[in-house]
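Peer 1: mind folding the following:
(chains A and B)
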Amino acid sequence: MPIVFREPGLDPLRELEQLQRRVDRLLQNAFGSERLPWRGGVYPLLNISEDRDHMYVRAELPGVKAEDLEITIQDNNLILRGERKIATEEKQVNYHRRERESGFFRRVLALPARIQPDKVEATCKDGILTLKLAKPEEVKPRQIQVKVG
Amino acid sequence: MTEQELQVKAKEEAPAKAERVRPGRVFLPAVDIFETPEVLVLVADMPGVAANKVTVDLKDNHLVISGEVAPPFGPGETMLKAEYFTGDFQRDFQLGSMVDQAKIEATMKDGVLRLVLPKVEKAKPRKIEVKTA
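Peer 2: As a prediction, the model looks like this:
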């Protein structure tokens, strides 16, 4: 008789994912509340932060030139495309280690809040791309005065 | 062409060797190392490290590269979503061939460190002149 491990309607991948999440939670409880680094994901990984007037999206892109980057904003989605090129050495060289990778990337990020698409600044410094996105007036936090009645 | 899509690679944390004074994490930079008959070249990815924050230390055959990262976000910013960790970079290497310390060249561009280490000409016979005092 064949042994059936899979029950009908059960997705083994989803089961595995759930197990992974459960283990993650266990580890988190055991080693403090710090969040574990992102698993999987799409290159490049992004860090998003905000202050009162702006939202900032940052990515580590060492060795990526500004002209090899294409940034588009469409329907409050940020589309980041580019290519990381690693120059091939001209001479005959012997490699000891090759850990750095080259290739193209494309990432779409749904922005967590509305921004003004015409007020986006992008800078690339020391291999870090920073996008500064201006928030529209109605999204900015407003302090509410309490009147004494 | 080798058109390939870049995959996310988690940053590997450096093993703790000594107590650090600077708080925060330390990561191992991804490196390429290659050799020609004359030089040894090391290329390391250290995003967020400015040129003046890189230290290259060579003692005998023990090479240490390290870099301090700039603060990952500005003052008054709150994190909404963090997918990667930031921290300093450090990595040790044991060099196989002797390197001419005086001729090491280091360049830092767009978060990539490139070290060119010229090898000492060992094979060349050296003639030592004896001076008469």
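
Peer 1: tell me which helix or strand of chain B sits lowest on mean pLDDT?
Peer 2: Least confident helix or strand of chain B, by mean pLDDT, DSSP states H and E, is strand B:12-13 with a mean of 84.

Peer 1: what packs against it?
Peer 2: strand B:25-28 (3 or more C-beta pairs under 8 Å, 6 or more residues apart in numbering or on different chains; DSSP states H and E). Using the backbone N, CA and C atoms, a C-beta is placed for each residue, glycine as well.

Peer 1: pull up the pairing partners for the strand it packs on, direction included.
Peer 2: strand B:12-13 (antiparallel), strand B:87-94 (parallel) (DSSP bridges).

Peer 1: so who does whatever residue of chain A ends up closest to chain B touch?
Peer 2: Going by C-beta to the nearest C-beta, chain B is nearest to residue A:127 of chain A, at 1.9 Å. Going by C-beta atoms under 8 Å, 6 or more residues apart in numbering or on different chains, residue A:127 touches A:60-64, B:45-49, B:110-112.

Peer 1: and the residue of chain B at minimum distance from chain A, backbone torsions?
Peer 2: Nearest residue of chain B to chain A (C-beta to the nearest C-beta) works out as residue B:111 at 1.9 Å. When read as degrees, to the nearest 10, the backbone of residue B:111 gives phi 80, psi 10.

Peer 1: now it. Nearest residue, chain neighbours left out?
Peer 2: residue A:127 (1.9 Å; C-beta to C-beta, 6 or more residues apart in numbering or on different chains).

Peer 1: longest strand in chain B, please.
Peer 2: Secondary structure assigned by DSSP state E gives strand B:49-59 as the longest strand of chain B.

Peer 1: contacts for it next, please.
Peer 2: A:126-127, B:46, B:63-70, B:88-89, B:95, B:99, B:101, B:104, B:106, B:108, B:111, B:113, B:115, B:117.

Peer 1: just the buried ones from these?
Peer 2: Among the contacts of strand B:49-59, those classed as buried by 16 or more other C-beta atoms under 10 Å in any protein chain shown are A:126-127, B:46, B:63, B:65-69, B:88-89, B:95, B:99, B:104, B:108, B:111, B:113, B:115, B:117.

Peer 1: so which of those residues belong to strands?
Peer 2: Per DSSP E, strands hold the following members of the buried ones among the contacts of strand B:49-59: B:63, B:65-69, B:88-89, B:108, B:113, B:115, B:117.

Peer 1: residue B:93 pairs with what?
Peer 2: Beta-bridge pairing for residue B:93 (DSSP bridges): residue B:63.

Peer 1: ok, back up a step: give the contact list for the residue of chain B closest to chain A.
Peer 2: Residue B:111 neighbours (C-beta under 8 Å, 6+ apart): A:60-63, A:126-128, B:45-49.

Peer 1: which one of these sits closest to residue B:83?
Peer 2: Lowest distance from residue B:83 to the contacts of residue B:111 (C-beta to C-beta) belongs to residue A:60, with 10.0 Å.

Peer 1: and the nearest residue to that closest one once chain neighbours are set aside, what does it touch?
Peer 2: Nearest residue to residue A:60 in three dimensions, chain neighbours excluded: residue B:47, at 3.9 Å (C-beta to C-beta, 6+ apart). If you count contacts by C-beta under 8 Å, 6+ apart, residue B:47 has them with A:60-62, A:126-128, B:69, B:111.

Peer 1: what is the most widely separated pair among those residues?
Peer 2: Longest span within the contacts of residue B:47, C-beta to C-beta: A:61 and B:69, 14.3 Å.

Peer 1: shaky segments in the chain?
Peer 2: Answering for chain A, as no chain was given. For chain A, the stretches flagged by pLDDT under 70 are A:1-10, A:28-40, A:90.

Peer 1: other chain: chain B
Peer 2: Using pLDDT under 70, chain B drops low at B:1-3, B:122-126.
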